[in-house]
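[1] Curious how this folds, go ahead:
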Amino acid sequence: MLVEFSVKNFMSFKDKVTFSMEAATGTENEENIIGAPNINERILKSTAIYGANASGKTNLIKAFTAAILMVRKSNNRQVGEKLMEMEPFAFDEKTKVEPCEFEFVFYAKGMKYIYGFIADKEKVYEEYLYQYFTAKPTRIFERTNVNEYKFLQADEGKLNAIKTQNIDNKLFLATATTWNYDKTKEPYLWFAKNIDTYSGGMLLNDFVVESYSKDEGEELKKFTLKLLNEADIVIKDFSVEIEERDVDSNMLMLLKNFNIPSPMLPQKQRDVKIRMTHEVTNDEGNMKNYELNLNNESSGTQILFSFAPILKDVFENGKILVIDEIERSLHPSLVEMIIKFFHNPKINKGNAQLIFNTHDTNLLSLDIFRRDQIWFAEKDPKKGATDLYPLDDFSVRKNENIQKGYLNGRYGAIPFVATGDSLWED
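    This is a model prediction of the structure:
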């Protein structure tokens, strides 16, 4: 589970900002706090991020994505390959040539870690991993000046050999794990498998299709139908058919014209047919089943259908789900339903976490969230830099109408919209 994420000099984040999933001292909505054995901290199950358009709230999701991809792609980096995920703050002559900084505080397999790195498009300058064996963190490794290392004393011999396999643009976390160093394995797998970012309005992807195609016990089907019915979308059944066929010769010829090497050309094309079964009562009062292709269903139905395998996986395996604009193509009541799934211990048995940004102010309710679960992103209009802060920074009463307070500008992070004809005056 995620405890804290910090970012500096990335996109609109010029100065260091820290986003925390750690609960404050308030006793309201205790079901929104993770209760896990061997973890003494109070960690939140969800957080919502608000802000005006172009305030930088999407850039926070992009910061998560960039850092995660840096870890996942590291082992496949070639010598001299650019680290294209790194995008420094561009509105300052100093920062635009300085590296980006990222740090995560998290739990993996019940152990607490701190992992961070500093990198630009050319190389990794600093990197570190600490593990909490006691109340004080222990250094597993530290990397400075690109290729200078300090290791846990007991493992120096092994890690001195492994560091020779690392290169300037690779993360040592990934390299050490590849060379079977046990103390980096769980932190690496946390990045590889336990945290994912998505854009709202998500549609079918390979993971979703593969999940349905391998659902031999139909547990996923049961989950999906229940999810759709909870959303008042009455689907009786559905079928998923996947057919592989040779790529059309004309398509291959077109791809070859783009000078794509032959080994990289696709040999098979996959056709996916998904049909939804509706049970309808005709004028005579008789029930009859009708099938519709998923493409002909509403966008909300398509999104929930695509979202179901992700949600099931997240709940069962206690993953962290990070979503940009969760409300896209979904009714506000459906978004609220999904949030409450994360808060419900009977559904969220694996202590999964949800982090999302949104413009939907209907969710700004202290009946749904604790005060420490709501965050705001605000951009300085003169400097172009984003700041990030929680609602808990304000003196908010437990019964306060925070939707009204936000729309009235009490907490900032709203657009200042010109009125009347002032924009068109000379």
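
[2] For the chain, which helix or strand comes out least confident on mean pLDDT?
    Every helix and strand in the chain was compared by mean pLDDT, DSSP states H and E; the lowest is helix 249-256, with a mean of 67.

[3] and after the lengthiest helix in the chain, which helix or strand comes next?
    The residue-count maximum for a helix in the chain (DSSP state H) belongs to helix 299-317. As assigned by DSSP states H and E, the chain's next helix or strand after helix 299-317 is strand 320-324.

[4] List the strands paired with that next one, with their directions.
    With DSSP bridges as the test, strand 320-324 is paired with strand 195-199 (parallel), strand 353-357 (parallel).

[5] which residues in the stretch 301-426 of the chain form strands?
    Taking DSSP state E, counting those that start in this stretch, the strands of the stretch 301-426 of the chain run over residues 320-324, 353-357, 374-379, 386-390.

[6] Make CSV out of those strands and add mean neighbour count.
    The way it works is simple: take the backbone N, C-alpha and C, and place the C-beta from them, glycine included. Output for those, formatted as CSV (neighbours: other Cβ atoms under 10 Å):
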stretch, mean neighbour count
strand 320-324, 23
strand 353-357, 24
strand 374-379, 22
strand 386-390, 20
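
[7] before we move on, back to that, so which of the strands paired with strand 320-324 comes closest to E210?
    When those are compared by Cβ to Cβ, strand 195-199 sits nearest E210, at 14.8 Å.

[8] Report the buried residues of the closest one.
    195-198 (16 or more other Cβ atoms under 10 Å).

[9] Mind giving me the packing neighbours of the next helix or strand after it?
    As assigned by DSSP H and E, the chain's next helix or strand after strand 195-199 is helix 206-213. Here helix 206-213 touches helix 219-230, strand 237-246, strand 268-281, helix 299-317, going by 3 or more Cβ pairs under 8 Å, 6 or more residues apart in numbering; DSSP states H and E.

[10] for these, which one ends up most surrounded?
    Stretch with highest mean neighbour count among these: helix 299-317 (a mean of 19; mean count of other Cβ atoms under 10 Å).

[11] Send over that one as CSV, restricted to the C-alpha atoms.
    Coordinates of each C-alpha in helix 299-317 appear next as CSV, following Å, rounded to 0.1, in the frame of the first residue of the first chain:
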residue,chain,number,x,y,z
SER,A,299,-20.3,4.5,-23.1
GLY,A,300,-21.0,4.0,-19.4
THR,A,301,-21.8,0.3,-19.9
GLN,A,302,-18.6,-0.2,-22.0
ILE,A,303,-16.5,1.5,-19.4
LEU,A,304,-17.9,-0.5,-16.5
PHE,A,305,-17.5,-3.7,-18.5
SER,A,306,-13.9,-2.8,-19.2
PHE,A,307,-13.3,-1.7,-15.6
ALA,A,308,-14.7,-4.9,-14.0
PRO,A,309,-11.6,-7.1,-14.4
ILE,A,310,-9.4,-4.3,-13.2
LEU,A,311,-11.5,-3.7,-10.1
LYS,A,312,-11.7,-7.4,-9.3
ASP,A,313,-7.9,-7.8,-9.6
VAL,A,314,-7.3,-4.6,-7.5
PHE,A,315,-9.7,-5.8,-4.7
GLU,A,316,-8.3,-9.4,-4.6
ASN,A,317,-4.6,-8.4,-4.6
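
[12] Can you name every helix or strand that it contacts?
    helix 206-213, helix 219-230, strand 268-281, strand 320-324, helix 332-343.
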